[in-house]
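Peer 1: Provided below are the primary sequence and the corresponding predicted coordinates.
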Amino acid sequence: MSSLPQYYNILNVPQTATADEVRAAYKRESLRTHPDRLPGNATPVERRRATERFQAVSDAYYILSDPVRRAEYDALFRSQPASAFTDDTASEAEQEKASSSFFQNFSQFFNNATGTPGATGTGMGGGPGQRPDAHNVFGDVFEEMLAPEVAHVRPWWSWAGGAAGSVMGYIVANVPGAIAGGFAGNRLGAIRDAKGKSVAQVFGSLQGNQKAEILRALAFKVLGSMG
């Protein structure tokens, strides 16, 4: 069996880290490793490495953010020698491989944790023993911060509804009708923009340059710099 993932090292937090510290660490590491932050001329190798690192960071947060999953992981951690885990020099590929193997070989650990009432990992994709969807994890954690950024770059139906409403309103009642129709159409379009879509889904459907713009804005808010 391959090495086990050292999730505390992946998030750069001590084993005594609080839930808030784990969440803050995930925000930092996910923003640094998100593959959509890479420049357009990034090589396939660079994109693969970033994707591997991003998935390992998401796995770490999925395990350590839930009290039950974390307790079960800690029990395993204490029962194994340090040599059984990846070390600080492990590459992105080695960390991702260790994490993938961990979910395959220790899935029974999470049968009770996944879906547990009050668990913080709900909505992250996957089921008992399945790896979380890294993009859903990202969307869930950044829900509040992503929402206005996503809305800012994707108000398609709001615009279309406003234009259509203005035309119809003008036909019915000239200028006053156009104003009223435009407002009504815009509001109906805004509902359609948001209806039935999570922030993660909307973010995932954006173009690469839009994602990069949003990630830079989030990095500025979370990390204090645009780098």
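Peer 2: Okay, I see it.
Peer 1: C-alpha from now on. contacts and neighbour counts both.
Peer 2: Will do.
Peer 1: can you spell out the domain ranges of this protein, please?
Peer 2: Domains of the chain are assigned by automatic domain parsing as 7-129, 142-227.
Peer 1: hmm, residue 208 is touching residue 36, no?
Peer 2: Yes. Between residue 208 and residue 36 there is a contact under C-alpha atoms under 8 Å: 6.5 Å.
Peer 1: those two: who's more crowded?
Peer 2: Neighbours were counted for residue 208 and for residue 36 using other C-alpha atoms under 10 Å; residue 36 has more, 20 against 16.
Peer 1: mind listing what the more buried one touches?
Peer 2: Neighbour list for residue 36: 208, 211-212, 215 [criterion: C-alpha atoms under 8 Å, 6 or more residues apart in numbering].
Peer 1: average pLDDT for stretch 147-161?
Peer 2: For stretch 147-161, the mean pLDDT works out to 59.
Peer 1: same deal with stretch 35-54?
Peer 2: Mean predicted lDDT for stretch 35-54 stands at 89.
Peer 1: quick check: buried residues in it?
Peer 2: The neighbour-count check on stretch 35-54 (16 or more other C-alpha atoms under 10 Å) flags 35-38, 47, 49-54 as buried.
Peer 1: go on, stretch 57-77?
Peer 2: So, applying 16+ other C-alpha under 10 Å, buried residues of stretch 57-77: 57-70, 73, 77.
Peer 1: closest one of those residues to residue 19?
Peer 2: The closest of the buried residues of stretch 57-77 to residue 19 turns out to be residue 65 (C-alpha to C-alpha; 6.2 Å).
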